[in-house]
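K.L.:
Predicted model follows, preceded by the sequence.
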Amino acid sequence: MPETIWTETAAWVEAIGTICAVVGAAWVAAGEARSAKAREERARQDTERKEARALTATRTAALNLAILAATEIHNLHILLRNEKWQGRVGRVSASRTLLGTEHMLMAFPIQSLADAPAMVEFSHFPAALETAAEVYANLETAVRAATDPDHSAIFVEYSAQMQRVDRSTKLHLKGLKKALGLDVASVAAAASKAKVEASHTQNDLRR
């Protein structure tokens, strides 16, 4: 009888030990699974944050280029109405500067914007610069070919053409800003940087 009791007790102890071992193993496994899931979630969030930062940087760069293009076109439009500067058209070729910015726009990986409306709006800027450069080149040709020393009529004509390009570019810039969805701070930073660069370009033209 005592042996039976001890045998049953040992069996119960063994059974309880087995149960505890199984429960413990399950708990450890569950803990490891929770830790692995937490690590995966953190990794996913880190990846999403990196992708978001990269996309914001790309869109800000696109906006910088677009603002630079729009500012250069606007500055050139203003210069065409400056009587003191008009006499320098035959000596200063602003179209080269426009084409230089156009090449930067063309080299930009437009597909990295990852948004069809933004890509469509951005694609207008190389064409706008090309048109502005063509208008200015035609102005240069007309001034050099003119027999009348008074070129005021020529400047009125080409200033009107540049005004249309300027107005259209400003509208597309508004559309691009909306499509990119950047916050006000990002837009302001991009505008400030681009205006400084364009100001340097304008100063170079005036020298």
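P.N.:
Sure thing, it's come through.
K.L.:
What ranges in the chain fall below the confidence cut-off?
P.N.:
Within the chain, the stretches with pLDDT under 70 are 1-17, 19-48, 51-52, 54, 83-95, 183-207.
K.L.:
Show me the helices in it, by range?
P.N.:
With helices called from DSSP state H, the chain shows them at 2-80, 83-86, 95-107, 116-122, 124-145, 152-180, 184-206.
K.L.:
who's in contact with the residue lying closest to Met106 once chain neighbours are set aside?
P.N.:
Closest residue to Met106 apart from its sequence neighbours, by Cβ to Cβ, 6 or more residues apart in numbering: Pro126 at 5.2 Å. From N, CA and C alone the C-beta is placed, and that goes for glycine too. With contact set as Cβ atoms under 8 Å, 6 or more residues apart in numbering, Pro126 has these partners: 69, 102, 105-106.
K.L.:
Out of those, which end up buried?
P.N.:
The neighbour count (16 or more other Cβ atoms under 10 Å) marks 69, 102, 105 as buried among the contacts of Pro126.
K.L.:
What is the nearest of those to Ser159?
P.N.:
Closest approach between these and Ser159, by Cβ to Cβ: Ala69, at 18.9 Å.
K.L.:
distance of the closest residue to the closest one other than its chain neighbours from Ile110?
P.N.:
In this structure, Ala69 finds its nearest non-sequential neighbour in Phe125, 4.6 Å apart by Cβ to Cβ, 6+ apart. Distance of Phe125 to Ile110, computed by Cβ to Cβ, to the nearest Å: 10 Å.
K.L.:
Looking at the two now, which is surrounded by more residues?
P.N.:
Counted by other Cβ atoms under 10 Å, Phe125 and Ile110 do not tie: Phe125 has more neighbours, with 26 against 16.
K.L.:
right, and the more buried one touches Ala66 too?
P.N.:
Yes. Using Cβ atoms under 8 Å, Phe125 is in contact with Ala66, at 5.1 Å.
K.L.:
Now stretch 121-134: buried residues?
P.N.:
121-122, 124-126, 128-133.
K.L.:
just stretch 111-119 next, same as before
P.N.:
Buried residues in stretch 111-119, counted by 16+ other Cβ under 10 Å: 113, 118-119.
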